[in-house]
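Q: no sequence on this one, just coordinates:
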């Protein structure tokens, strides 16, 4: 995999370079009419998917609050919520060390209420070193405040 920063779309570059500005824009977009807001949210989650798939944690977590509460996918983590962006970086860096390939696929996305998004997604992880493979489907609830992700919880979809 090459340098992920060279593969970033312009919107990701702005979020990484100027997260306060990007959060302000995101906050303004939350006031759009629902159909237009839905398109913006879909595009944002598609960019998040792409950042995850290329291993660009900096772009992925650019709009997460410094004190975010995060519940990792259960197949990867048991225990209490992680707190803070630094904990997310450490967690996902560890996953990236264990699995050299991690992929997410968005299956569905719904705005449950303004500032609360529920996504259904399929994740898979593979280690070429150990041959270990892991695949599962999550239900992810993301809560936004002032253009920032303040809480994100991942639950294993039953029956997947």
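A: Nice, thanks for sending it over. All of these numbers come straight from a predicted model, not from anything done at the bench. Numbering: from 1, shown residues only.
Q: what about the helices in this structure?
A: Residue ranges of the helices in the chain, as given by DSSP state H, are 10-17, 19-29, 34-53, 57-60, 85-98.
Q: what is the neighbour count of residue 27?
A: Burial measure for residue 27: 15 neighbouring residues, criterion other Cβ atoms under 10 Å. In this view, the C-beta of every residue, glycine as well, is placed from N, C-alpha and C.
Q: run a quick neighbour tally on the nearest residue to residue 157 once chain neighbours are set aside.
A: In space, residue 157 comes closest to residue 137 once its chain neighbours are excluded; the distance is 4.2 Å by Cβ to Cβ, 6 or more residues apart in numbering. Using other Cβ under 10 Å as the criterion, residue 137 is surrounded by 16 other residues.
Q: I'd like to know how far residue 137 sits from residue 27.
A: Distance, residue 137 to residue 27, using Cβ to Cβ, to the nearest Å: 31 Å.
Q: go through the helices of the chain and pick out the most buried.
A: Relative to the other members of those, helix 57-60 carries the highest mean neighbour count by mean count of other Cβ atoms under 10 Å, namely a mean of 21.
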